[in-house]
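*Asks:* what follows is a predicted protein model with its sequence.
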Amino acid sequence: MARTIMNPRSLVLTAILLIGLTACILPAAADTAYFDINSQPNGVWVCLDGWNCHDAPITFATDPNSYHTLSGYMDGYQFSSRTVYANGPGVTTGIMVALDRETPQTGTLDLDSSPTGADVWIDNRYYGETPLIIGDLSTGTHALTFRKAGFEDMKTDVVITAGQVYRTNQGLVEYAPNPGVGYLQVDSNPGGAAIFLNNNYQGSTPTSGGAFDINQLTPGTYTLRLTLPDYQPYTQIVTIQNGIINDIHATLSPSAPGPQPDTTGQITVRSSPSGASVFVDSAYRGITPISIPDVTQGSHAIVLKMNGYQDWQSSVNVATGSGTDVSGVLAPGTQPNPTAPGPQPTKSPVGVLVILTAVGICGAAATLFRKSG
């Protein structure tokens, strides 16, 4: 049987084609891990570490061998949050974010602690510091945590009843004089920065004063990193000592102008009570308190909604490369507000551009190969 031997030029073109096709299929990054996120229903607004947010499906790149928080939001559905682990370099971890439909019956938490200023977590989400009122919580059982540096975490379950206010004032217990652990309190100017300790996500710096508490740290040396869109990363080496509270006050510097002009800023939204649904130009973006990155410059309409309260509305002008604070006080209403219809989900334009570019490269490579044959 006769064999066809390709000439050297064809061999080179074939090698280029194979390399190009491989690049189209496999991401090439030696020091990066990936989360491939899908959702039920489709188009859930998902946030990695509180600030990197897109409509699902989306792929996030992050540090390998590190822990992160993945949250999912959609109007008419219950909020979801979980801790996820990024595997080794180049490894993609697939995750499905499935949301349950929100019940129309909600209740309220009225919280305080002794001493005050304790961080409040409900169902793995940070809501602020005591004293604090949190509304629009779905009926049923919720996991409640109080956390303050130098004190033991106080964890309990609370049962929310429709239309009722659950009040509690928790006394916190100080750690023993020799607890075998240290503590970290972190705040930043501006607030809303994501906090990483040895590349593991911890939470975000408060946007309304106070500090974020990290407890039960084994004595030793840690790398603290704060990130905020439009600002340079802040990094500091921290030494944790037994029984000592370390206070970190970070001042973030704006990012240097790049070759392309920056046309976005960020909005930090708070409300009283906390837990209000946030709409930016009619698009649902989560619940307060929340920092929303990559908002285009110019004027935007902000609406806050919560069952049993009147809608709060305002407009905000976003400047490029900077943050804008929005704070709304919701007035009680005579009737619960109906859930507003959310916008039709849209996929990230960046993701579409990448796909079209990859298809174009692969098509060009295939055409070149056919002409050389």
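*Replies:* Looks like it came in fine.

*Asks:* now do the end-to-end distance for stretch 171-186.
*Replies:* Counting by Cα to Cα, to the nearest Å, the length from the leading to the trailing residue of stretch 171-186 is 23 Å.

*Asks:* please enumerate residues in contact with it?
*Replies:* By Cβ atoms under 8 Å, 6 or more residues apart in numbering, the list of residues contacting stretch 171-186 from outside reads 113-115, 118, 146, 148-152, 154, 195, 197, 205, 211-219, 224, 226, 238, 240-248, 250. Backbone N, C-alpha and C define where each C-beta goes, glycine included.

*Asks:* and the closest residue to Y309 other than its chain neighbours, what does it touch?
*Replies:* Counting by Cβ to Cβ, 6 or more residues apart in numbering, L330 is the residue found nearest to Y309 once chain neighbours are left out, at 4.0 Å. The contact partners of L330, by Cβ under 8 Å, 6+ apart, come to 135, 271-273, 276, 304, 306, 309-310, 312.

*Asks:* show me those residues that map onto strands.
*Replies:* Here DSSP state E is the test, and these give 135, 271-272, 304, 312 as lying in strands.

*Asks:* give the residue spans of this structure that score low on pLDDT.
*Replies:* 1-30, 258, 334-373 (pLDDT under 70).

*Asks:* break this structure down into its domains, please.
*Replies:* 33-98, 106-251, 264-349 (automatic domain parsing).

*Asks:* would a markdown table of these with distance to P257 be doable?
*Replies:* Rendered in a markdown table, the data for these read as follows (distance: least, Cβ to Cβ, whole Å):
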| stretch | distance to P257 |
| --- | --- |
| domain 33-98 | 21 |
| domain 106-251 | 11 |
| domain 264-349 | 8 |
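
*Asks:* coming back round to it: looking at the contacts of stretch 171-186, which are in strands?
*Replies:* Residues from the contacts of stretch 171-186 lying in strands, with DSSP E as the criterion: 113-114, 146, 154, 195, 197, 212-217, 224, 226, 238, 240, 245-248, 250.

*Asks:* filter the residues you listed to the buried ones?
*Replies:* Among the ones in strands among the contacts of stretch 171-186, those classed as buried by 16 or more other Cβ atoms under 10 Å are 113, 146, 154, 195, 197, 212-215, 217, 224, 226, 238, 240, 245-246, 248, 250.

*Asks:* quote the end-to-end distance of stretch 75-88.
*Replies:* Taking Cα to Cα, stretch 75-88 runs 34 Å from one end to the other.

*Asks:* please enumerate the helices of the stretch 1-150 of the chain.
*Replies:* Per DSSP state H, counting those that start in this stretch, the stretch 1-150 of the chain carries helices over the ranges 8-25.

*Asks:* next, count neighbours for G180.
*Replies:* Close neighbours of G180, defined as other Cβ atoms under 10 Å, add up to 11.

*Asks:* what's the spacing between it and A118?
*Replies:* Distance check for G180 against A118: by Cβ to Cβ, to the nearest Å, it reads 22 Å.

*Asks:* do the same with Y85
*Replies:* To A118, Y85 is 28 Å away according to Cβ to Cβ.

*Asks:* which one's more surrounded, the two?
*Replies:* For Y85 versus A118, neighbours defined as other Cβ under 10 Å are more numerous around A118 (26 against 13).

*Asks:* phi, psi of that one?
*Replies:* Backbone torsions for A118, taken as degrees, to the nearest 10, come to phi -80, psi 140.

*Asks:* hmm, it is touching Y127, no?
*Replies:* No. Counting by Cβ atoms under 8 Å, A118 does not reach Y127; the two are 11.3 Å apart.

*Asks:* contacts only, for the residue nearest to the spatial centre of the chain.
*Replies:* Most central in the chain under Cα atoms, centre = their mean is G50, positioned 1.6 Å from the mean C-alpha point. By Cβ under 8 Å, 6+ apart, the contact list for G50 reads 69, 71, 194, 201, 203-204, 291.
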